[in-house]
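S.K.: Any chance you could fold what I've pasted below:
(chains A, B, C, D, E and F)
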There are 4 protein chains.
Amino acid sequence: MPRKPAAQTVNREDILTAAARVFHARGYHGATMQDISAAVGLTAGSLYHHFKGGKEALLIAVLEHGLDQITAEVRALAASPLPPPEKLRRVICAHVRGVTGHTAIAALMIYELRTLLSLPEAPQSYLARRDEFEGLYRQIIVEGIGSGSFTPVDVGVFTRTLLGALNWVSVWYRPEGRLSGEAIAEQMADIFLKALGAA
Amino acid sequence: MPRKPAAQTVNREDILTAAARVFHARGYHGATMQDISAAVGLTAGSLYHHFKGGKEALLIAVLEHGLDQITAEVRALAASPLPPPEKLRRVICAHVRGVTGHTAIAALMIYELRTLLSLPEAPQSYLARRDEFEGLYRQIIVEGIGSGSFTPVDVGVFTRTLLGALNWVSVWYRPEGRLSGEAIAEQMADIFLKALGAA
Amino acid sequence: MPRKPAAQTVNREDILTAAARVFHARGYHGATMQDISAAVGLTAGSLYHHFKGGKEALLIAVLEHGLDQITAEVRALAASPLPPPEKLRRVICAHVRGVTGHTAIAALMIYELRTLLSLPEAPQSYLARRDEFEGLYRQIIVEGIGSGSFTPVDVGVFTRTLLGALNWVSVWYRPEGRLSGEAIAEQMADIFLKALGAA
Amino acid sequence: MPRKPAAQTVNREDILTAAARVFHARGYHGATMQDISAAVGLTAGSLYHHFKGGKEALLIAVLEHGLDQITAEVRALAASPLPPPEKLRRVICAHVRGVTGHTAIAALMIYELRTLLSLPEAPQSYLARRDEFEGLYRQIIVEGIGSGSFTPVDVGVFTRTLLGALNWVSVWYRPEGRLSGEAIAEQMADIFLKALGAA
DNA sequence: TATGAATGAGGGTTCATTCAT
DNA sequence: TATGAATGAACCCTCATTCAT
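M.R.: Model prediction:
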């Protein structure tokens, strides 16, 4: 008489995924550890056997893990030896793909950034990785301007303008909407390349 | 057991300002009514004497009041009979001015949007005004494209890209930073006008 | 330009009447001093100028005053030289008249008796008067049994049975109901006189 | 930081019993959840682990559960095929037994009826069961009058008179008093049967 | 591993009461 | 007398977290 139909042990990935979903649905503070553990198929007490560190650590882990997922493709492209305009186009598209493919986590990065910053021990590694990621964009812009492919602009303002716009997609994008993530990506790439005089 | 020799009567404005500051500093959930009342110079109990409705109503009031302050200039400009490119430039500048001049509230509009949406009775009036505000931008873009001043773009994507970027300024802008709000505004106006082929 | 149309100073009677109404409508704990003062036409602060002693004292005053109103007629009749059966009938009718004529206070005497008893300084005078009032009934019963007009019964049980039933009228009586207070009174007098073998 | 070496698992019954005791001792509003949880041997927080629904739900549960306990015997007797006079006598005795056996709950039904009615969502089921219970008495009276065993009376008034008197016993009955519950029951049955001309 | 009982801190909110004006 | 601003105590309730089983 088997009870659980091969419950399959829960792994870290499962927890992070479920947590991201719940955090997104209810907000960090609105989400209870009960909600999250239930989403994993556990009781609240059991969650602590699988994930050490509590709620705050869970949020950090979700965001760090998510940052990797979302930025992986962008990082790879940024390291490739493409000419700046082509590289920027592809990077933007990859970024939007990442955001539209993981809206929950991407939105979390916006909505819970403040939560993160108010944590007792601010998660330096997450913020560092995030800044480093921003650096990737800066570098492409700088390169492009240097090589004459891009019109000169204030790199700081442009980068943040670009990143703000790209990340904000997670807030308004709807999978069932008029435009696919890919279509949105193309449009945005056009906008920013044109702004750099490299359409 | 009252005290206080009537330092100066507290008004609604004082409360909203203090609340905005505290909500921004600690986040909606991180902020206690104690924090807020202390920032006004009152005890928690006294706050309820001056502002009816509790914490949620306070957030809504802060945001509604802030939306008016921030968008006032933009609204006025949007109604003026300027040619689209000039109008858009001025509107963007006014928007950035509004955001950099009220970073606390502007950031709140980003960070606590989720909070707002998860409220029992979502504040329709606020959301409606916000959507209507977005409509102002759409209209300028549409007009400009119609009159041939702007290169055709997907209006939906462009508007949200623009608004995302503009609002995001509240997150990274520092009064003591390298660039003034006005300088940032000019840069961003350049970026988006160029993207519309109207530099 | 007169402001208040001859506001007419508020007197103790007004306060007690209003308080009785509010206490009955909302219950002692559910009623706030605001409610009561508003019912009198004052602000909360002002009430304390007219009635010393606070909320608890107010409840006691309402009940004491009410007890007098309701029992006045009964007391007078009890002192009269009627034969026990006739006296009991008239007393019961007067009692029901008092209760149906002052349901708010009468119900308060039931519902807030417990509140009263849990007060720091239990209002001895009220309880004493109440017990003394019960004694009036006991005496009539005892007399009637002694003179042979009434069948012997356990006086304690009978009195409490009678009083419980009479006071309970305040709970179910409705002015707009099928029966008038007078009709109810007659019925109840019949019941208890018959129970004493004196129909 | 849990403690308690599992003295004995707490069940719903324990909670309802303790709550009834505390509500009776202090009144609904005077009783704190602390008082109640302490009476069960728990901390306030733990109480919510075992009983979902908070203080109001607790009062309702206590009353509903109590109503069942107190009226069980009466219901059974009312359904039996006894002649009305005998049935009424037994029912009254059973009722008094129930009330004297559960004075706390019975008194609660009187004292906190008003509290109950002022609840946001009045507990229909409780009130319905209560009315239905009253119907049992009505029916016996009606039957008895119909069969000629009882003198005609106004059934509404008589039933409420009877019930008011019976329930009121919970207010004045003292286990250590002169009369046992059984003795009181007999006396009261005599009173009301005689009133119906069926002694 | 998994559970669920238990905890304790903390927050929002209400309200009786007071006092300067 | 009348007001309304101010206070502070108290209470209900939630929840992250722990630990015995």
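S.K.: Now the residue lying closest to residue A:25 once chain neighbours are set aside, what are its backbone angles?
M.R.: With CB to CB, 6 or more residues apart in numbering or on different chains as the criterion, residue A:25 has its nearest non-adjacent residue at 7.5 Å, and that residue is residue A:31. Using the backbone N, CA and C atoms, a C-beta is placed for each residue, glycine as well. Taking degrees, to the nearest 10, you get phi -90, psi 130 for the backbone angles of residue A:31.
S.K.: what residues are up against residue A:31?
M.R.: When contacts are counted by CB atoms under 8 Å, 6 or more residues apart in numbering or on different chains, residue A:31 touches A:19, A:22-23, A:25.
S.K.: can we see that at 10 Å?
M.R.: Listed by CB atoms under 10 Å, 6 or more residues apart in numbering or on different chains, the contact partners of residue A:31 are A:19, A:21-25, A:39, A:55, A:58-59.
S.K.: ok, it to chain D distance?
M.R.: For residue A:31, the distance to chain D (CB to the nearest CB, to the nearest Å) stands at 19 Å.
S.K.: gap between that residue and residue A:10?
M.R.: Applying CB to CB, to the nearest Å, one obtains 18 Å for the distance of residue A:31 from residue A:10.
S.K.: Next one: the longest helix anywhere in chain A, is it in contact with chain B?
M.R.: In chain A, with assignment by DSSP state H, the single longest helix is helix A:54-79. No - against chain B, helix A:54-79 shows no contacts by CB under 10 Å from any CB of the partner chain, the least distance being 12.1 Å.
S.K.: quick one: what helix or strand has the residue in chain A that chain D sits nearest to in it?
M.R.: Minimum separation of chain A from chain D (CB to the nearest CB) falls at residue A:45, amounting to 10.4 Å. Element membership of residue A:45, judged by DSSP states H and E, is helix A:44-50.
S.K.: residues touching the closest residue to residue A:80 other than its chain neighbours, list them.
M.R.: In space, not counting the residues next to it along the chain, residue A:80 is nearest to residue A:87; the distance is 6.9 Å by CB to CB, 6+ apart. By CB under 10 Å, 6+ apart, residue A:87 lies in contact with A:77-81, A:139-140, A:143-144, A:149.
S.K.: Tell me the predicted confidence for residue A:87.
M.R.: The predicted local distance difference test score for residue A:87 is 98.
S.K.: Now the lowest-mean-pLDDT helix or strand in chain A: buried residues?
M.R.: Using mean pLDDT, DSSP states H and E, the weakest-scoring helix or strand in chain A turns out to be helix A:113-117, at a mean of 90. Across helix A:113-117, burial judged by 16 or more other CB atoms under 10 Å in any protein chain shown covers A:113-116.
S.K.: what subset of these is also close to chain D?
M.R.: Checking the buried residues of helix A:113-117 against chain D (CB under 10 Å from any CB), there are no matches.
S.K.: hmm, whatever helix or strand residue A:187 lives in touching chain B?
M.R.: Residue A:187 is located in helix A:181-195, with elements delineated by DSSP H and E. Yes - figure legend: helix A:181-195 in contact with chain B (CB under 10 Å from any CB); contacting residues A:183-188, A:190-195.
S.K.: Would you mind putting the CA coordinates of that helix into PDB?
M.R.: Extracted C-alpha coordinates of helix A:181-195, given in PDB (Å, rounded to 0.1, in the frame of the first residue of the first chain):
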ATOM      1  CA  GLY A 181       8.500  38.800 -26.600                       C
ATOM      2  CA  GLU A 182      10.500  38.500 -29.800                       C
ATOM      3  CA  ALA A 183       8.500  41.200 -31.500                       C
ATOM      4  CA  ILE A 184       8.900  43.500 -28.500                       C
ATOM      5  CA  ALA A 185      12.600  42.800 -28.500                       C
ATOM      6  CA  GLU A 186      13.000  43.800 -32.100                       C
ATOM      7  CA  GLN A 187      11.100  47.000 -31.600                       C
ATOM      8  CA  MET A 188      13.200  48.000 -28.600                       C
ATOM      9  CA  ALA A 189      16.400  47.200 -30.300                       C
ATOM     10  CA  ASP A 190      15.300  49.400 -33.200                       C
ATOM     11  CA  ILE A 191      14.500  52.200 -30.800                       C
ATOM     12  CA  PHE A 192      17.800  52.200 -29.000                       C
ATOM     13  CA  LEU A 193      20.000  51.600 -32.100                       C
ATOM     14  CA  LYS A 194      18.300  54.400 -33.800                       C
ATOM     15  CA  ALA A 195      18.900  56.600 -30.800                       C
END
